[in-house]
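Chemist: Predicted coordinates and the sequence they were generated for:
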Amino acid sequence: MSEYLVTMTTHVPAGTSDDAVADVRAREAEHSEELVAQGRLLRLWRPPLQPGEWRTLGLFSAGSDQELERVLAGMPLRIWRSDDVTPLAAHPNDPEPGRRGPRGSLPEFFTIFTFRIPADAPAETVDARTAQEAARTRELADDGTLARLWMLPDEAGQRRALGLWRAADEQQLQAILDALPMAKWLALEVVPLSAHPSDPAVASG
C-alpha cells in the first residue's frame, strides 16, 4: 500500500442552505469513520486558513492512484470539493511503526525539507552527516518529537522530504530543526497544523 497526502479544498455553492451543508458534513464524518476502519484514511488535519477558507489535509493509504481516486470520489463532500494529491514515498529515516506513538496533546507540524547539498561537498562528509542525521532522527522519534518522514516528488530536480513533528510551539520545533546534522544543507518550510474533529488520532488518543 502507498501513502498519499491530499489537500482537500471545499467550495460550497452560493445559496446552499445551512441544513444542506450540515447534512453533507454529517455524512462526510460518518463516511470518514468507515474509511478509517478500512485502513484507507490514516490522519486528518487543518492547515492555516484564511477567512472563509475550508481546507483539510488528509493522509490516505491506497494500492494505486486509481484506487485512491475511487476512495476520494466516494466521499460525500466531493460534490463541492477539489483534491490535490501528493504521492509519498518511503524515507529511510521514517520511524518504525513501533515508534509511531499516539498524537497526544502537543501541537503538530509539517516540515518540507529541500536538500541543497553543495556539489563540491566531499563524499565522506556527506556520508558522515547522513549517518548522524539518521541517528538523530531515531532519538527524536524515541522521545515523540518526530512522528513520520516521507520523500516527496522531486521539484525542479531537487530532492524533498515531508516530516510530521510534535512540539510545544513553532519556536521549540525550530530550535530542534536548526540543530539537525544536515540543517545547513536544508531549505525549510514549517506548516502548523490544527486538530480535525474526524482525525483518527483523536479517537485513538
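Modeler: Here it is on my side, so go on.

Chemist: what about the residue lying closest to Thr86 once chain neighbours are set aside, is that helix, strand or coil?
Modeler: Nearest non-adjacent residue to Thr86, counting by CB to CB, 6 or more residues apart in numbering: Leu5, 4.5 Å away. Bear in mind the C-beta positions are built from the backbone N, C-alpha and C, glycine included. For Leu5, the assignment made with DSSP: H, G, I helix; E, B strand; the rest coil gives strand.

Chemist: With Asp154 instead?
Modeler: Asp154 ends up strand, using three-state DSSP.

Chemist: I'd like to know how many residues surround it.
Modeler: 11 (other CB atoms under 10 Å).

Chemist: Please tell me how far the host helix or strand of Ala29 is from the chain's geometric centre.
Modeler: Ala29 is located in helix 18-38, with elements delineated by DSSP states H and E. Averaging C-alpha positions (CA atoms, centre = their mean, to the nearest Å) puts helix 18-38 21 Å from its chain's average.

Chemist: helices or strands up against that helix?
Modeler: Judged by 3 or more CB pairs under 8 Å, 6 or more residues apart in numbering; DSSP states H and E, helix 18-38 is in contact with strand 41-46.

Chemist: Report the helix or strand with the lowest average pLDDT across the chain.
Modeler: helix 200-204 (a mean of 72; mean pLDDT, DSSP states H and E).

Chemist: the domain parsing of this structure - what is it?
Modeler: 2-88, 91-194 (automatic domain parsing).

Chemist: could those be laid out in TSV, adding mean pLDDT and distance to Ala201?
Modeler: Below are those laid out as TSV (pLDDT from 0 to 100; distance: least, CB to CB, whole Å):
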stretch	mean pLDDT	distance to Ala201
domain 2-88	95	6
domain 91-194	93	4
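
Chemist: and Ser82, what does it touch?
Modeler: 8-9, 11 (CB atoms under 8 Å, 6 or more residues apart in numbering).
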